[in-house]
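Enquirer: predicted coordinates and the sequence they were generated for:
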Amino acid sequence: MENGGEAKWRFGAGNPAVQASGRQSLRALVTRVFDCVDRNDPRPVAPLGHGDPSAFACFRTAAAAEEAVSAAALSGKHNRYSSAGGVLEARSAVAAYLSRELPYELSTGDVVVTAGCNHAIEIMMAVLASPGANVLLPRPGYPMYESRAALCGLEFRRFDLLPEKEWEVDLDGVEALADENTVAMVIVNPNNPCGCVYSYDHLAKIAETARKLGIMVISDEVYDHCAFGSKPFVPMGVFGEIAPVVTIGGISKRWMVPGWRLGWIAATDPKGVLRDKNVLESIMSYCAISVDAVTFVQGALPQIIANTDKAFFEKAMDVMREAAEICYRKVGGIECITCPHKPEGSMFVMVKLDLSCLDGIADDVDFCTQVAREESVVICPGTVLHTSSMFSTFRVAILSKFHPKHIASGLIQNIGIMTSKKECNGDNSPADSKSTVAQL
Ligand SMILES: Cc1ncc(COP(=O)(O)O)c(C=O)c1O
């Protein structure tokens with residue numbers, strides 16, 4: 001075995017899928033952008049690259065939620081291992097929470113508690129990964145779906161969200177992509193990264209399409225109720241009679257506590273198709289070999305839901321509505337960037353970038369790293385969100401108007417400064433890089 005006294009190690013970090021998924025993850029790319037910030041810049045860094053509201057003082061979670069967690073921790077009653085799929089009180093609290101807006105009642109057995117919504121994605125992709133199966137994912141989209149599908153060898157195909165139609169799902173595209181091996185389509189509503197909220201009618205059409213194709217809908221509702229525009233949030237489970245729906249969600253966004261790692265999977269499927277097809281059984285099997293949500297946060301969940309008053313949610317929506325408004329207005333005033341649709345929900349705005357008008361910027365990653373370097377503003381390049389190759393984009397988290405002061409407006413102003421236009425009048429000479437500030 002030994003070679004001249006030198007041990008011969010046979011191993012290496014050998015799974016290329018793990019390395020590729022990690023390198024191409026949203027977290028890795030936003031960290032790369034973040035690392036470009038000039039540490040000597042005295043301005044505070046604006047962390048608008050990912051959706052973590054807890055980074056902003058104005059989004060501190062409800063006092064009732066903090067009290068519930070600390071009471072659960074201090075009670076000494078929640079120190080044991082969780083049962084697979086979550087403790088019963090937490091599962092039944094989620095069932096009751098979701099049932100409030102459904103035309104039928106969920107039972108405790110319809111819900112499993114997960115360690116955040118990302119864990120729910122992991123579970124669903126693994127459960128669906130039978131040999132030859134494929135799933136349909138939205139583009140632009142939340143990249144965890146691709147990463148998780150790739151890791152478990154599940155084929156994925158991307159359907160488009162249509163910017164000119166308020167980022168609705170291209171349902172003709174969905175039908176064209178599906179074949180006899182397609183098992184599910186994923187929607188994200190309210191939508192990350194596009195900031196849209198789907199109407200009742202559009203959700204009904206999605207359900208009809210799923211029924212026609214014989215597939216389930218996985219509805220990612222981690223931004224449930226983060227709707228501050230004209231359309232109310234409607235849960236996809238409302239259409240569970242038409243096609244089986246797996247609803248995934250959690251408290252990370254609505255309660256603004258992503259670090260508490262509490263999410264769920266619910267079979268919003270009144271006809272019991274998911275049960276008949278053993279999908280629920282398979283989810284439970286995965287839970288048996290998986291990590292669990294922290295038990296004292298599960299123990300606190302019934303009180304978190306029951307004791308958080310409406311005013312907390314309303315205040316958060318007021319801040320986001322105003323930040324979205326400012327962002328949209330300011331983007332509209334700058335050439336080279338456009339916002340196809342005014343954000344109405346989630347925590348993001350998608351901005352199209354016309355690279356042909358920008359001097360010396362190679363792509364969206366280059367653009368975002370320069371904004372970080374020069375302006376200490378961290379935004380997310382659209383590449384990682386799998387925007388169609390037709391256009392470049394970046395995503396801004398519309399999370400703050402207070403800290404740093406009026407950041408949404410400040411960010412766009414900074415982009416304006418960077419937008420060193422090659423005048424679109426045929427003169428390709430770079431304009432004065434500060435000149436576009438005058439547009440603001
Ligand atoms: C669409 C979407 N799904 C799931 C998640 C993950 O949620 P959690 O933090 O609960 O794991 C996120 C987080 O940003 C998200 O944007």
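Expert: Looks like it arrived, so ask away.
Enquirer: distance of E325 relative to T295?
Expert: Noted for E325: a distance of 41 Å to T295, by CB to CB, to the nearest Å. The C-beta positions use only the backbone N, C-alpha and C, and glycine is treated the same way.
Enquirer: which one's more surrounded, those two?
Expert: Taking other CB atoms under 10 Å, E325 and T295 do not tie; T295 has more neighbours (20 against 17).
Enquirer: do I have it right that the more buried one meets K77?
Expert: No. T295 is beyond contact range of K77, at 9.2 Å (criterion: CB atoms under 8 Å).
Enquirer: helix, strand or coil for the closest residue to the ligand within the stretch 251-400 of the chain?
Expert: Closest approach of the stretch 251-400 of the chain to the ligand (CB to the nearest ligand atom) occurs at S252, with a separation of 3.5 Å. State at S252, reduced to three classes by DSSP: H, G, I helix; E, B strand; the rest coil: coil.
Enquirer: around the ligand, pick out the residues from the chain.
Expert: Within reach of the ligand by CB under 6 Å from any ligand atom, the chain has these residues: 51, 116-118, 142, 188, 192, 220, 222, 250, 252, 258, 263.
Enquirer: can you give me phi and psi for the residue of the stretch 251-400 of the chain closest to the ligand?
Expert: Main-chain torsions, S252, degrees, to the nearest 10: phi -60, psi -40.
Enquirer: what bits of the stretch 1-150 of the chain have low per-residue confidence?
Expert: The stretch 1-150 of the chain contains residues with pLDDT under 70 at 1-4.
Enquirer: can you give me the helices for it?
Expert: 16-23, 26-34, 63-74, 88-99, 117-128, 144-151 (DSSP state H, counting those that start in this stretch).
Enquirer: as TSV, those with mean neighbour count would be great.
Expert: Shown next, in TSV, are the helices of the stretch 1-150 of the chain (neighbours: other CB atoms under 10 Å):
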stretch	mean neighbour count
helix 16-23	12
helix 26-34	18
helix 63-74	17
helix 88-99	21
helix 117-128	24
helix 144-151	20
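Enquirer: will you turn those helices into a markdown table that also has distance to D41?
Expert: Shown next, in a markdown table, are the helices of the stretch 1-150 of the chain (distance: least, CB to CB, whole Å):
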| stretch | distance to D41 |
| --- | --- |
| helix 16-23 | 27 |
| helix 26-34 | 13 |
| helix 63-74 | 33 |
| helix 88-99 | 43 |
| helix 117-128 | 32 |
| helix 144-151 | 31 |
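Enquirer: show me where pLDDT drops low in the stretch 151-300 of the chain?
Expert: For the stretch 151-300 of the chain, no range has pLDDT under 70.
Enquirer: okay, strands next: where are they in the stretch 301-440 of the chain?
Expert: Per DSSP state E, counting those that start in this stretch, the stretch 301-440 of the chain carries strands over the ranges 337-338, 348-353, 377-378, 380-381, 392-397.
Enquirer: may I see those organised as CSV, with mean neighbour count and mean pLDDT added?
Expert: Shown next, in CSV, are the strands of the stretch 301-440 of the chain (neighbours: other CB atoms under 10 Å; pLDDT from 0 to 100):
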stretch, mean neighbour count, mean pLDDT
strand 337-338, 20, 86
strand 348-353, 24, 90
strand 377-378, 26, 88
strand 380-381, 26, 93
strand 392-397, 27, 88
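Enquirer: assign a three-state SS to A266, would you?
Expert: Judged by three-state DSSP, the three-state class of A266 is strand.
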